[in-house]
Every structure is written in C-alpha cells, then in structure tokens.
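J.: fold the following.
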Amino acid sequence: MTRVAYVCADPGIPVFGTKGASVHIQEIVRAWRRRGAEVEVYAVRLGDVDHVPADLADLVVHHVPVGRVGSGPGGDDPGAAARREVAQRQAAAEIGRRVVAAAPDVVYERYSLFSGVLHLARRGLGGGVRTVLEVNAPLIDEQRRHRVLVDEAGSVDALRAQVGAADVVACVSERVAAWVRERTGADEGGAVQGAGAARVVVVPNGVNTRRIRAVTPDLDGDPVVVFVGTLKPWHGVEDLLEAAAMARRPWRLRIVGDGPQREAVEQAAARHGLAVELTGAVAPEEVPAALEGALVAVAPYPASDDHYFSPLKVYEYGAAALPVVASRIGQIPAVVQDGVTGVLVPPSDPVALAAAVDALVDDPDAARALGAAARRLMEREHSWEHVLDATLAPVTSTAPPASPHTSVPAAGGR
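T.: Got it, this is the predicted structure:
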C-alpha cells in the first residue's frame, strides 16, 4: 500500500471547513484513498473538528499550529507580520521533521508561503520518495498586494527550494504555471533549472461526482437561479443582482455563501426590490441540497487582468447537471463550453448576464439539455480521480522510486 503524507502549512486554510480550499484538501485525500493509498495529513490548522465528514472520520491528521504572534493574518503591523512569517517557517520545519521521520512513499504538499517541507523531505529521504507540489495561487503576489509581506526574498527562496525538490509541480491554471516559471526560472517545457526531473504542469480543479448528483429543477412558480461562493468583490454578486433586476420575468435568486460583501448584497437586493434567498455559508456536504431545485447556475466574475482561478463552483454546477452562465474570463471557457454545457458572457456586463439567464429560464428543456451535457463532461473529464491522475502522470510514466514500502500506482491502475 502506498503511504502518502499530505501537507498543508498554510495557516489560512483549515483541513475541515467550508472554504473551497478545504474542499480541495478533502477531495485530494479521497482521491488518494480511492487509489488504495494510506493517507496521513500534516497541517497547521484543523478547522471545525466537530463537523468532520463521516468518510474522513478515521483520517489521521497531525496538527502543528503556528505559534501566536499577536496579530491576525490580515494585520498590517510589520513587526507582527515578521514574527508571523518566522512562526510559519518554524511550524513548517516541524512538519518536515515529522514527515521525514514517517518516511512515506509520497509527499504531496499544497504550496504555502515559507514552507520547506518538500525540500526537507527530499534531503531526508532522497530518491526513496516521490514529491508533488500543488500550486493554487501566486501567494507571494497575493500577500504583498492584499496583506503584509516582510521577507519577500525569503518567500521566493522557499518557493524555489520547494519547486527544486518536487518531482512534479501541478498548477491549477496556466496563469499560475506562468507565475511559477517566472519566479523559479522554469522553461516553457516545464523543466526547472537545477531541479532534476521536476516538471511544471497545468491541472485544473475537479468535482466529486459521487457527492454532487444531478438536481431536479423546481418549475412550479418562478425558476431558481443559484450562485455558490464567498461573498467577496471578485465574485461579481452585485452584477448578478443588477442582472436579476433587469430580468424579463422574475427569478428566484438563491445565494449560497457568506462573506464581507453580505451587507452590500442585502442593500442591493433591497434597492432593486428583489426577494433573494441568502442561505449563508454551508458545509461542503450540504452543497448538493443547496443546489436542489435550481434550473440555472451562475458564475458572474467581474473583468480582471489577473483571473488565475479554477473555480470549484463551475465544476460543482456541472456535476449537478445545471447549465452554467459564466463570465468569459481566465480559465472558465475551458470548462464551461459555450452553447454545449452553458453560456459564456462578457465579464462585468449585467445586461448580457440577464439576457443569457432569461433565455435559459424561458426554455427549461434547453436548459436541462445543457445541464445534462455538463454532467457528462464532469464525469468524463473532471472527477478528482482525473485530477490526481493528471497530477501524477509525469512521475508515474517514469521508473518507480526505490522505496522500502511500495511505489506510486500507475495513473490508470485504479
């Protein structure tokens, strides 16, 4: 049996929680388990341990918390930020020591600022371990732009060391892959200078098609149009409310999620005279029920030159057999196929958004046909098993490591 150490040293991401990143952790763990692997998680933040999914109740999680430094993660005090960065390094170093002592066959790490776990694993375990670095965002740039980053040079050095220690670097989008190449000196083919066989590959997100099943739309009364996500400015919910106010016929707008924009959303709904169902944040296992009854799902991202996301919501919508109306931006056109599984509209264009949703609610049969095609696409190409297979392809196509336990199973060998 392959023994996997899954590592997340990011203090902003709990193993158990409602964040998309938490869902991502849990689903990659499940995908490894479905391959027959024994997985143990090493993390600095546990999250809501009173609401652990039943199928992960037996998951071993090694908790190494970041020490208290007197300021929250969003604080702007440079002194506290510097101490926090040191504490993050210390927690990651302790995780690294524990991983080396455990001597797993595979170390799979979600990239975080200042972590050097993969680097420590490579030094401590040598060629007897496979190493995977998953990069979901340009964290150095995010930290500098939105928070406080004191030791930027140290964060870049840590990234280069991690990439140099990885057999494969799996990036969630081409924009993120380009950032990794720029920051580390990787060439266009993905080879990282001084990193041996490391390769930078693009592997978008996926969806659990077992957990999220096809929904049945409620066609009694006004149709339900659903949005799932954190209420933050870059999710475009205010554009959605404007679109709903322009609709030719009323929609029942359901917004699943919570966040700092909730008050603005409530005010916009009142201003437009809209009756909006705001469910608040829901646990991942509650998302299928939150989608039930909907006819159309939306991902109304605003215009941006820096859209590097691979949004989980569009995959979940597709798995629920919902046609997706989404902004034509970033990586979204690669998963929402215009006229096949959904409709693409210009970003930051409430008029176009309203027209696209109107057309689908006026023709429920066409909407259901697009949704059925979306479900088939998710099953065929975007399950988490497909995501893990694509991530491991560069290492499973080479000779297995000389491990005292076992090798990584072949990508198609489930």
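J.: contacts for the longest helix that the chain contains, please.
T.: Secondary structure of the chain per DSSP state H: the longest helix is helix 78-102. Residues outside helix 78-102 that contact it (CB atoms under 8 Å, 6 or more residues apart in numbering) are 3, 5, 7, 9, 11, 40, 42-44, 62, 64-71, 73, 75, 107, 112-117, 119-121, 124-125, 147-151, 154-155, 158. Any C-beta I mention is one placed from the backbone N, CA and C, and that applies to glycine too.
J.: over to stretch 330-339?
T.: When contacts are defined by CB under 8 Å, 6+ apart, stretch 330-339 is touched by residues 173-175, 204, 299, 301, 304, 307-311, 314-315, 318, 324, 326, 328, 342-344, 373, 377, 382.
J.: rerun that using 6 Å as the cut-off
T.: Outside stretch 330-339, the residues that touch it by CB atoms under 6 Å, 6 or more residues apart in numbering are 173, 307, 310, 314, 324, 326, 342, 344.
J.: that stretch: end-to-end distance?
T.: Start-to-end span of stretch 330-339 (CA to CA, to the nearest Å) is 18 Å.
J.: now it: how far from the chain's centre is it?
T.: Here the centre of stretch 330-339 is set off from its chain's centre by 17 Å, with CA atoms, centre = their mean, to the nearest Å.
J.: can you list the buried residues in it?
T.: Across stretch 330-339, burial judged by 16 or more other CB atoms under 10 Å covers 330-332, 335-337.
J.: with those in mind, which one is nearest to residue 395?
T.: residue 331 (23.8 Å; CB to CB).
J.: can I take it that residue 170 is in a helix?
T.: No: with DSSP: H, G, I helix; E, B strand; the rest coil as the criterion, residue 170 is located in strand rather than a helix.
J.: and the gap between it and residue 218?
T.: Plainly put, residue 170 is 39 Å away from residue 218 if you go by CB to CB, to the nearest Å.
J.: which one's more surrounded, these two?
T.: Using other CB atoms under 10 Å as the criterion, residue 170 and residue 218 rank with residue 170 on top: 27 against 14.
J.: what residues are up against that one?
T.: Counting by CB under 6 Å, 6+ apart, residue 170 makes contact with 134, 201, 203, 391.
J.: give me the beta-bridge partners of it?
T.: Under DSSP bridges, the beta-bridge partners of residue 170 are residue 134, residue 201.
J.: per-residue pLDDT, it?
T.: Reported pLDDT at residue 170 in the predicted model: 96.
J.: against residue 135, how distant is it?
T.: Residue 170 is 7 Å from residue 135, where distance means CB to CB.
J.: and for residue 306?
T.: On the measure of CB to CB, residue 306 and residue 135 end up 15 Å apart.
J.: same check on residue 374?
T.: Distance, residue 374 to residue 135, using CB to CB: 27 Å.
J.: same question for residue 182.
T.: 12 Å.
J.: so these two - more neighbours on which side?
T.: More crowded of residue 182 and residue 135, by other CB under 10 Å: residue 135, with 25 against 10.
J.: pLDDT value on that one, please?
T.: With respect to pLDDT, residue 135 scores 97.
J.: how about residue 273: what's its closest non-neighbour residue?
T.: What sits nearest to residue 273 in space, not counting adjacent residues and going by CB to CB, 6 or more residues apart in numbering, is residue 245, at 7.6 Å.
J.: look at that neighbour and give its secondary structure.
T.: Looking at residue 245 with three-state DSSP, the answer is helix.
J.: residue 272 is in contact with that one, correct?
T.: Yes: Residue 245 lies in contact with residue 272 (CB atoms under 6 Å); the separation is 3.8 Å.
J.: any regions of the stretch 251-400 of the chain where pLDDT drops low?
T.: Low-confidence segments of the stretch 251-400 of the chain (pLDDT under 70): 397-400.
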